[in-house]
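**Student:** got a sequence here, can you model it:
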Amino acid sequence: VECMTFRRRGHEEASGTKYVPKDLMARWEARDPVEHYERFLVEQGILDDKKIAALRKKYKAEIEAALKVAFAEPPVESSETAELADVYAPHVPTIVAPAAQTSEKRLVDAISDGLEQAMIKHDNLVLMGQDIAEYGGVFKITEGFVEKFGKDRVRNTPLCESAIIGIGLGLSLKGFKAMVEMQFADFVTCGFNQIVNNLAKLHYRWGQNADVVIRMPAGGGVGAGPFHSQTNEAWFFHTPGLKIFYPSTPADAKGLLLAAFEDPNPVLFFEHKALYRSLSGEVPEGYYTIEPGKARWARRGTECSIITYGLGVRWAENAVEDLGIDADILDLRTLVPLDYDAIRETVQKTNRVILLHEDTLTGGIGGEIAAYISEHLFEYLDAPVMRAASLDTPVPFAPNLERLFMPEDRFRKQLEKLLAY
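**Tutor:** Here you go, the predicted model:
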């Protein structure tokens, strides 16, 4: 029911309506849909003055009774531990070991395979996104899914991110699992309120989990300009109640995606577009999961520690190979939860640390990890903690400017500086 109406009372009781022109108030009073509907019900013989009075008396009594119960409640007491425990729905991951049989897959194919396995495992899972049905999505990850799972479970949506995410939340409230594909991670701004104020806060507010996975094709290096190239994980890293996964290999992408669907909490699953078809690797067949919050040692070394994720893992591997550096490369894989044990281990081992990420420098996740290291592991450091990240500008469109924006070249210089300190 959509009613065209006008707010005839203040935003709250103290604000009043004196600022509203009286003729405007009178015009809308004559058109008030609630009062019109009441008169309609009277005309139809459904209500009369006696029934209206009785209903109002009944509702007022219910409100007064509820107020008495609320006012009689003792003051709320809690603890830091209890408050933090309320943020997420309880979940102990059940880790399914990968099969021995593997096949080489591109990142894009591993993600598609993971989605298919999730649809088979969870018959209450519904996929939603722009052009994901018959067309298979702009990156073709859901190509063929309509034929396999039907239109009820693979749904095209309008160009309205806030509505799609809200529908995903509604499905969760009704006992479904939902996957929402952002066509590009940049477009998530249009659904920001649904994520940070609804999905993230629901369990803390009233114990209701939000079983929604939002897939986020992200990242630059593809000449797509400022509105199709951002890697915006830091926007959500600051919001309690969300989980953030950001794999860098095909095998991890599949295993972590399946783990995301097992988790009853909202998960933002970042996938780097530049790696979709440029990166291949051995991927286990069938269903398996990877434990969130457990980083991967992409490389073991002794001279320094490179802590990174996403495309940064490729940059780090290429740099140490080209420069002949014996480095630890720690691929975080998930940003919420973070593997603080692995961070501590590598810092204590090499005593020199650089944080690398594609997101812009200021306010990036590297700053939070650097602060943790400085606060908790300072005595193990032989050099300042360094950060390499993209410039604090929008992502440029021109390839040479995008190269300047990206941290890959600056990272190599900072790495040499770290070792020379």
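
**Student:** what's residue 142 sitting at in phi/psi?
**Tutor:** In terms of degrees, to the nearest 10, the main-chain angles of residue 142 are phi -110, psi 20.

**Student:** check contacts around it.
**Tutor:** By CB atoms under 8 Å, 6 or more residues apart in numbering, the contact set of residue 142 is 112, 115, 127, 129, 132-133, 136, 154, 181. For the C-beta atoms, the positions are set from N, CA and C on the backbone; glycine is no exception.

**Student:** quick one: which of the residues you listed is most hemmed in?
**Tutor:** Counting neighbours by other CB atoms under 10 Å, the top entry in those is residue 132, with 28 neighbours.

**Student:** what's near enough to touch the nearest residue to residue 140 once chain neighbours are set aside?
**Tutor:** Spatial nearest neighbour of residue 140, excluding adjacent residues (CB to CB, 6 or more residues apart in numbering): residue 108 at 7.4 Å. Residue 108 makes contacts with 139-141, 276-277, as judged by CB under 8 Å, 6+ apart.

**Student:** export the helix or strand hosting residue 108 to PDB, keeping only CA atoms.
**Tutor:** Secondary structure from DSSP states H and E places residue 108 in helix 107-121. Provided in PDB are the C-alpha atoms of helix 107-121 (Å, rounded to 0.1, in the frame of the first residue of the first chain):
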ATOM      1  CA  LEU A 107      40.000 -17.300 -10.600                       C
ATOM      2  CA  VAL A 108      36.700 -16.500 -12.400                       C
ATOM      3  CA  ASP A 109      36.000 -20.200 -12.900                       C
ATOM      4  CA  ALA A 110      36.900 -21.100  -9.300                       C
ATOM      5  CA  ILE A 111      34.400 -18.600  -8.000                       C
ATOM      6  CA  SER A 112      31.700 -19.900 -10.400                       C
ATOM      7  CA  ASP A 113      32.500 -23.400  -9.300                       C
ATOM      8  CA  GLY A 114      32.200 -22.300  -5.700                       C
ATOM      9  CA  LEU A 115      28.800 -20.700  -6.300                       C
ATOM     10  CA  GLU A 116      27.500 -23.900  -8.000                       C
ATOM     11  CA  GLN A 117      28.700 -26.000  -5.100                       C
ATOM     12  CA  ALA A 118      27.000 -23.700  -2.700                       C
ATOM     13  CA  MET A 119      23.700 -23.800  -4.700                       C
ATOM     14  CA  ILE A 120      23.800 -27.700  -4.500                       C
ATOM     15  CA  LYS A 121      24.600 -27.700  -0.800                       C
END
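
**Student:** and it, average pLDDT?
**Tutor:** Helix 107-121 carries an average pLDDT of 98.

**Student:** buried stuff in it?
**Tutor:** Neighbour counts over helix 107-121 (16 or more other CB atoms under 10 Å) mark 107-119 as buried.

**Student:** how much space separates residue 400 from residue 222?
**Tutor:** Between residue 400 and residue 222 the computed distance is 14 Å (CB to CB, to the nearest Å).

**Student:** repeat for residue 411
**Tutor:** As judged by CB to CB, residue 411 and residue 222 stand 19 Å apart.

**Student:** neighbour count for the two, which is higher?
**Tutor:** Comparing residue 411 with residue 222 by other CB under 10 Å, the one with more neighbours is residue 411, at 24 against 15.

**Student:** give the contact list for that one.
**Tutor:** Counted by CB under 8 Å, 6+ apart, residue 411 has contacts 315-316, 319, 354, 356, 388.

**Student:** kindly report the same for residue 16.
**Tutor:** residue 10 are the contacts of residue 16 under CB under 8 Å, 6+ apart.

**Student:** one more: residue 102?
**Tutor:** Contacts for residue 102 were tallied using CB under 8 Å, 6+ apart; they are 251, 282-285.

**Student:** ok, now with 6 Å
**Tutor:** By CB atoms under 6 Å, 6 or more residues apart in numbering, residue 102 lies in contact with 282-284.

**Student:** now swap in residue 291 and tell me
**Tutor:** With CB under 6 Å, 6+ apart, residue 291 has these contacts: 93, 95.

**Student:** one more: the one 5 residues further on?
**Tutor:** Residue 296 makes contact with 331, 333, according to CB under 6 Å, 6+ apart.

**Student:** quick one: secondary structure of residue 387?
**Tutor:** Classification of residue 387 by DSSP: H, G, I helix; E, B strand; the rest coil places it in strand.

**Student:** relative to residue 415, how far out is it?
**Tutor:** Counting by CB to CB - residue 387 and residue 415 are separated by 12 Å.

**Student:** equivalent analysis for residue 312, please.
**Tutor:** Separation of residue 312 from residue 415 (CB to CB): 12 Å.

**Student:** re earlier: just give me the closest of the contacts of residue 411 to residue 49.
**Tutor:** Checking the contacts of residue 411 against residue 49 by CB to CB gives residue 356 as the nearest, at 73.4 Å.

**Student:** state the next helix or strand along the chain beyond the helix or strand the closest one falls within.
**Tutor:** Element membership for residue 356 (DSSP H and E) is strand 353-360. Counting by DSSP H and E, the element after strand 353-360 in chain order, helix or strand, is helix 365-376.

**Student:** can I get that following helix in CSV? Just the C-alpha atoms.
**Tutor:** Provided in CSV are the C-alpha atoms of helix 365-376 (Å, rounded to 0.1, in the frame of the first residue of the first chain):
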residue,chain,number,x,y,z
ILE,A,365,43.7,-1.3,6.6
GLY,A,366,47.5,-1.2,6.6
GLY,A,367,47.3,1.7,9.1
GLU,A,368,45.3,-0.4,11.5
ILE,A,369,47.7,-3.3,11.3
ALA,A,370,50.7,-1.0,11.6
ALA,A,371,49.1,0.4,14.8
TYR,A,372,48.6,-3.0,16.2
ILE,A,373,52.2,-3.9,15.5
SER,A,374,53.5,-0.7,17.1
GLU,A,375,51.3,-1.2,20.2
HIS,A,376,51.9,-4.9,20.8
